[in-house]
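Undergrad: Got a sequence here, can you model it:
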Amino acid sequence: MKYEINYLEFWATGHCNLNCKGCSSCSPLSAPWFLLPEQIKKDLLKIRELDIEIRNITILGGEPLLHPKIVKIIEYVKEVYPMARVGLITNGLLLLQMNEQFWKTCVKYNVKFNITCFPVMDSTLRKAICKKLKEVNIEFHLTNKKKFNKILTQNHNNDINEIIKMCGCNKAYNLKDGKLSRCTVPMVIPVLNKKFNAEMIEGGMIDIYSVHSGSEIIDFLNKPNETCKNCSPSPIKVEWERAGKHPQLTDWIIENEE
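TA: Just a heads-up that it's a prediction; the model follows:
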């Protein structure tokens, strides 16, 4: 029996060339970290062995263009899942510095670019990026990012059904180090707990090497779990800004939520 994941994403890097306050990947707290291309290939092969098809696979970070082997990662994704649509989420600041092999690979595999345009990107660079992408015939989408959603809370008494109603990343499944989760939150909570002695609920991931069938994974991903209570049913929007040298827990956590 075949199972299906419509959308899967993974981090190519943990760190970034920006320092966004409240970054959903906790990049301001990350030392330089690069995904091993062999690791993602191994993990995707395991998922395929469990008879799970994946329609869309997106590479993100951190900032994925910092990865010196980003081309190899793209190649491995398409080798394991040749029919999947590959996407790349980037802040775009390094795009015009990428080498010819990168561009050839993205064109060959029809990679779609989702470019998050933060206030630091001026109009000149934006126009140059658009011109380049049109020249090489790569599909792309620009998103102007002036605000972040602050979604996390240390109040774990909220109604999980209300939380799921407001969930902006439901079914945006994440893969890291052989583990799958419903979103990025279970993967960043241990970072926040360790750095700030926070009281967030850990878990929310399934080890793809400890299951016996694809149905176990799909069943797990389809059901909310306790780590969903790390999110608030009343997220707030905050102005984008850099985190500075000393990020605070309040960069990520909604304060005084009862």
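
Undergrad: how near is Ser210 to Leu50?
TA: Separation of Ser210 from Leu50 (Cβ to Cβ, to the nearest Å) stands at 12 Å. Backbone N, C-alpha and C define where each C-beta goes, glycine included.

Undergrad: More neighbours: which of the two?
TA: Leu50 (17 against 9; other Cβ atoms under 10 Å).

Undergrad: Model confidence for that one, exactly?
TA: Listed pLDDT for Leu50 reads 97.

Undergrad: residues contacting it?
TA: If you count contacts by Cβ atoms under 8 Å, 6 or more residues apart in numbering, Leu50 has them with Tyr3, Ile208, Val211, Ser213, Gly214, Ile217.

Undergrad: One more pass at 6 Å, please.
TA: Leu50 is in contact with Gly214, counting by Cβ atoms under 6 Å, 6 or more residues apart in numbering.

Undergrad: Now it. Its backbone dihedrals?
TA: Main-chain torsions, Leu50, degrees, to the nearest 10: phi -90, psi 10.

Undergrad: ok, and the closest non-adjacent residue to Met200?
TA: Nearest residue to Met200, sequence neighbours excluded (Cβ to Cβ, 6 or more residues apart in numbering): Ile189, at 4.4 Å.

Undergrad: Am I right that the one you found falls within a strand?
TA: No. In this structure, Ile189 is helix, not part of a strand, as judged by DSSP: H, G, I helix; E, B strand; the rest coil.

Undergrad: dump the residue contacts of it.
TA: With Cβ under 6 Å, 6+ apart, Ile189 has these contacts: Met200, Glu202, Asn230.
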